[in-house]
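**Student:** sequence first, predicted coordinates after that:
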Amino acid sequence: MNQHLTVVNHPLVQHKLTLMREKETSTAVFRQLLREISQLLAYEVTHELPMTTKRIETPLVEMDAPVLAGRKLALISILRAGNGLLDGMLELIPSARVGFVGLYRDEKTLKPVKYYFKVPDLLGERLVIVVDPMLATGNSSAAAVEMLKEAGAKDIRFLCLLAAPEGVARMKEAHPDVPIVTAALDERLNDKGYILPGLGDAGDRMFGTK
């Protein structure tokens, strides 16, 4: 992936995202839509995975057939909202290794604070896909990517549902080598750091908390 930002304009992605944005959409439906949209986004973020071939036997003949090459990729969820994207992606890529980065945003400074970090081994030999529904200020995302680089990750991609221009700019400044794949680039952040028009707090809507 050579461009820094990819917006997935697939009709199914855009339709499901509109349903997720609507404030009347229930928690159960929101969660189901997130699972579905995450699989469509996973298709986009993994379309350049390295391939090799293996000798197999079909019911009719032998052939050299394409298979994924290298180590199993690593999916890293930024807690807690990242788990919604993670669940759908794991249905598509069940053999992926999984890690978690726990960050919370200090309400006064809007800066990320780490409280949990557990990731697969050999990160430097894996494609690492970081998932978080919202790329808002970009501070938490940039901090999570920095921690993953410190843990050895070299080939990192960031997958989100919505991105704000401020967050994209922050990530490009901090990690120009990390491509971003998203379903939508929204207008801006409000004074509380929420994406507009957005869909509210993804974690609250996913888990039914307020």
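**Tutor:** Thanks, I have the structure now. On a predicted model such as this, the values are computed, not experimentally measured, just so you know.
**Student:** contacting residues around residue 133?
**Tutor:** By Cβ atoms under 8 Å, 6 or more residues apart in numbering, residue 133 lies in contact with 34, 81, 82, 84, 85, 160, 161, 162, 202, 206. Yep, even glycine has a C-beta here, placed from its N, CA and C like the rest.
**Student:** against residue 54, how distant is the residue of the chain most remote from its centre?
**Tutor:** Computed with Cα atoms, centre = their mean, the residue of the chain farthest from its C-alpha average is residue 60, at 40.1 Å. With distances taken as Cβ to Cβ, to the nearest Å, residue 60 is found 17 Å from residue 54.
**Student:** picking that back up, buried subset of the contacts of residue 133?
**Tutor:** Buried members of the contacts of residue 133, scored by 16 or more other Cβ atoms under 10 Å, are 34, 81, 82, 84, 85, 160, 161, 162, 202, 206.
**Student:** from those residues, which is closest to residue 174?
**Tutor:** Residue 174 lies nearest to residue 160 out of the buried ones among the contacts of residue 133, by Cβ to Cβ, at 15.1 Å.
**Student:** let's verify residue 36: helix, strand, or coil?
**Tutor:** Following DSSP: H, G, I helix; E, B strand; the rest coil, we place residue 36 in the helix state.
**Student:** give me phi/psi at the residue nearest to it when sequence neighbours are not counted?
**Tutor:** Spatially, and ignoring its direct neighbours in sequence, residue 36 is nearest to residue 16 (5.9 Å; Cβ to Cβ, 6 or more residues apart in numbering). Main-chain torsions, residue 16, degrees, to the nearest 10: phi -70, psi -40.
**Student:** tally of neighbours for residue 16?
**Tutor:** Using other Cβ atoms under 10 Å, residue 16 has 21 neighbouring residues.
**Student:** repeat that for residue 196.
**Tutor:** 10.
**Student:** now do the contacts for it.
**Tutor:** 164, 186, 187, 188, 189, 190.
**Student:** dump the lowest-mean-pLDDT helix or strand in the chain to CSV, restricted to CA.
**Tutor:** Least confident helix or strand of the chain, by mean pLDDT, DSSP states H and E, is helix 202-207 with a mean of 87. The C-alpha coordinates for helix 202-207 follow below in CSV (Å, rounded to 0.1, in the frame of the first residue of the first chain):
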residue,chain,number,x,y,z
ALA,A,202,-18.2,3.8,19.2
GLY,A,203,-17.5,2.0,22.4
ASP,A,204,-20.7,3.2,24.1
ARG,A,205,-22.8,2.3,21.1
MET,A,206,-21.2,-1.1,20.7
PHE,A,207,-21.5,-2.1,24.4
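**Student:** contacts for that helix, please.
**Tutor:** Helix 202-207 is contacted by residues 20, 25, 27, 30-31, 34, 80-81, 84, 133-134, 161, 199, 209-210 when judged by Cβ under 8 Å, 6+ apart.
**Student:** contact partners for residue 180?
**Tutor:** Counting by Cβ under 8 Å, 6+ apart, residue 180 touches 4, 5, 6, 135, 157, 158, 159, 160, 163, 168, 171.
**Student:** the second one and residue 14, how far apart?
**Tutor:** Right, residue 5. 16 Å.
**Student:** what does the first one give?
**Tutor:** Using Cβ to Cβ, one gets 21 Å for the distance from residue 4 to residue 14.
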